[in-house]
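In: My questions are about this predicted structure, shown below with the sequence.
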Amino acid sequence: MTNITSKQVPCVLCGKFTAQDILLSTNSSGGSDLDLRPPPMKRDTMSTWLQRCDHCGFVSYDISVLPETDVENQPESLSAELVKSIIESDDYVEQFHCKSYPRLANTFLCYAMLQERGFKSIPACGWACLRAGWVCDDGVKHDKINEEKHKANAIQCRKKAIQWFEKCRSIGKPFVQQNGSEELILMDLFRRCYMFEDALKEFTRAEGNKKYIDEFVWKLLEFENLLVEQKDVDCYKVSDAQICFKKD
Ligand SMILES: [Zn+2]
């Protein structure tokens, strides 16, 4: 069972307090989605994954402290002045208050901007954008009046995630550890953005490294390939792939 409480948290940048959702406990049952979105009930705890200060716009795992920087890319510690300059920039402020995205999606998208410009973790940029996409997916499911808008937003978020994950690849920075998993995630992202040819290129790339890929991950890649061939853009779980293998 998921247990979330609300707590007033002070912001390290502006000193003001805001109520934040704090996760006390949750559980997971069943497998994740193909893009590693966690299963219920953990998947519905996204409001606790980041905190946001509504007074100054700071977003972080814990807004009461300045996070550590990626020391490899930025050995010097990050000053509060630099973070302030990012959260006061026009495009950040616009994203923070953007009316066309759900509030929680804006939180993740702003976090990606902070990571890009301040904390310099490129994998974190990609994951934050993908998580914003999951928030938009939930909009598609639960806010039927605005279904088309949420669908378009989810695609925009996934395209941003693709950009960041491709950047990770270009600088040799892994964004998932297991062999074949990066291709799997990118295939899923491309497929869900209707970019089927790019998805197939990821499959071909994985084929070239097949001997290093775990059998289970390979089966998931094959399942993605099947979905791409069928031009299916829906969300699937790892367990859907397992059901599909059993039919073989
Ligand atoms: Zn603040």
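Out: Looks like it came in fine.
In: In contact with the closest residue to residue 30 other than its chain neighbours, which residues?
Out: Nearest non-adjacent residue to residue 30, counting by Cβ to Cβ, 6 or more residues apart in numbering: residue 39, 4.2 Å away. Using the backbone N, CA and C atoms, a C-beta is placed for each residue, glycine as well. For residue 39, the contacting residues are 28-32, 237, by Cβ atoms under 8 Å, 6 or more residues apart in numbering.
In: can you give me the helices in this protein?
Out: 80-87, 90-96, 103-114, 122-142, 147-170, 181-192, 196-208, 215-229, 238-247 (DSSP state H).
In: Using JSON lines, lay out the ones you listed together with mean neighbour count, mean pLDDT and distance to residue 66.
Out: Output for these, formatted as JSON lines (neighbours: other Cβ atoms under 10 Å; pLDDT from 0 to 100; distance: least, Cβ to Cβ, whole Å):
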{"stretch": "helix 80-87", "mean neighbour count": "16", "mean pLDDT": "94", "distance to residue 66": "6"}
{"stretch": "helix 90-96", "mean neighbour count": "14", "mean pLDDT": "98", "distance to residue 66": "17"}
{"stretch": "helix 103-114", "mean neighbour count": "24", "mean pLDDT": "98", "distance to residue 66": "11"}
{"stretch": "helix 122-142", "mean neighbour count": "22", "mean pLDDT": "97", "distance to residue 66": "15"}
{"stretch": "helix 147-170", "mean neighbour count": "18", "mean pLDDT": "98", "distance to residue 66": "22"}
{"stretch": "helix 181-192", "mean neighbour count": "25", "mean pLDDT": "98", "distance to residue 66": "30"}
{"stretch": "helix 196-208", "mean neighbour count": "16", "mean pLDDT": "98", "distance to residue 66": "37"}
{"stretch": "helix 215-229", "mean neighbour count": "18", "mean pLDDT": "97", "distance to residue 66": "37"}
{"stretch": "helix 238-247", "mean neighbour count": "13", "mean pLDDT": "84", "distance to residue 66": "37"}
